[in-house]
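Undergrad: sequence first, predicted coordinates after that:
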Amino acid sequence: MIRIIGGKYRSRQLTLPPSDGVRPTQDRVREAVFSALGDKVISSRVLDLFAGSGSYGFEAISRGAKEAYFGDINQKCLAAIKDSSVKLGCLSQIHLLRGDYKKIISSLEEQKNVFDLIFLDPPYLDVINKDIILSVKESILSGNGIVVAEQEQPLTEIEGFVLKAYKYSYKRVGIYKRS
């Protein structure tokens, strides 16, 4: 079971995709991330890449984000996200994108989509966050945008960003704000 931590959908449950590879972000980690983001979520455009259950995107909508795009390669994940949006009554605020992250980023760039908040939580052992952050910086991240990246490996500084790093058990979360 995964639930929304704060905002207008607080305590509401999300549909979990029937997939062994999905590992939703723990409540305490999401709570800490959104506490650190504060009002930056309000009226933002959000991309939840490697969405899985969509917990980051739904948490953002619950806390006042204007809309959220959910990208995942797994159709079962996207179906669960759609089901959650119907249950929450926010279907009009979401967009579902199926494909690998490179295809999704390229498509969003072609459509001239720009995001204020991008959440990256790739599957275990994928060490690609730095490459993705550099890619979105030049293409789909707004001028004052923020990237939230989860990974197990140590976080690295990236030119053009101010990094706030947090550690929760084995999980590391970096909040990269454009400088």
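TA: It's in. Numbering: from 1, shown residues only.
Undergrad: quick one: residues in contact with stretch 152-172.
TA: Contacts made with stretch 152-172 from outside it, assessed by Cβ atoms under 8 Å, 6 or more residues apart in numbering, are listed as 26, 28-29, 32-33, 36, 124-125, 127, 130, 133-134, 137, 147, 149-151, 173-179. All C-beta spots, glycine's among them, are computed from the backbone N, C-alpha and C.
Undergrad: quick one, longest helix in the protein?
TA: Secondary structure of the chain per DSSP state H: the longest helix is helix 75-88.
Undergrad: any buried residues in that one, and which?
TA: Neighbour-count burial for helix 75-88, counted by 16 or more other Cβ atoms under 10 Å, picks out 77-78, 80-85, 88.
Undergrad: for that helix, packing partners?
TA: Applying 3 or more Cβ pairs under 8 Å, 6 or more residues apart in numbering; DSSP states H and E, we find helix 75-88 packed against helix 55-62, strand 67-72, strand 94-98.
Undergrad: single out the most deeply packed of these.
TA: Among these, helix 55-62 has the highest mean neighbour count (mean count of other Cβ atoms under 10 Å), at a mean of 28.
Undergrad: show me just the buried residues among the contacts of stretch 152-172.
TA: Burial by neighbour count, judged by 16+ other Cβ under 10 Å, picks out 29, 32-33, 130, 133, 137, 147, 149-151, 173-176 from those.
Undergrad: just the CA trace of the helix or strand hosting residue 176, in PDB.
TA: Here residue 176 sits within strand 171-178, counting by DSSP states H and E. These are the backbone C-alpha positions of strand 171-178, laid out as PDB (Å, rounded to 0.1, in the frame of the first residue of the first chain):
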ATOM      1  CA  LYS A 171      18.800   5.600  -0.500                       C
ATOM      2  CA  ARG A 172      20.300   9.000  -1.500                       C
ATOM      3  CA  VAL A 173      18.200  11.900  -2.700                       C
ATOM      4  CA  GLY A 174      19.600  14.900  -4.500                       C
ATOM      5  CA  ILE A 175      17.700  18.100  -5.000                       C
ATOM      6  CA  TYR A 176      19.400  19.800  -7.900                       C
ATOM      7  CA  LYS A 177      18.300  23.400  -8.300                       C
ATOM      8  CA  ARG A 178      19.500  25.400 -11.300                       C
END
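Undergrad: this protein: helices as residue ranges?
TA: Counting by DSSP H, the helices of the chain are 27-37, 55-62, 75-88, 101-110, 129-139.
Undergrad: buried residues, the fourth one. List them.
TA: Applying a neighbour-count criterion of 16+ other Cβ under 10 Å, the buried positions in helix 101-110 are 101, 104-105, 108.
Undergrad: so, low pLDDT: which residues of the protein?
TA: For the chain, the stretches with pLDDT under 70 are 19-24, 124-127.
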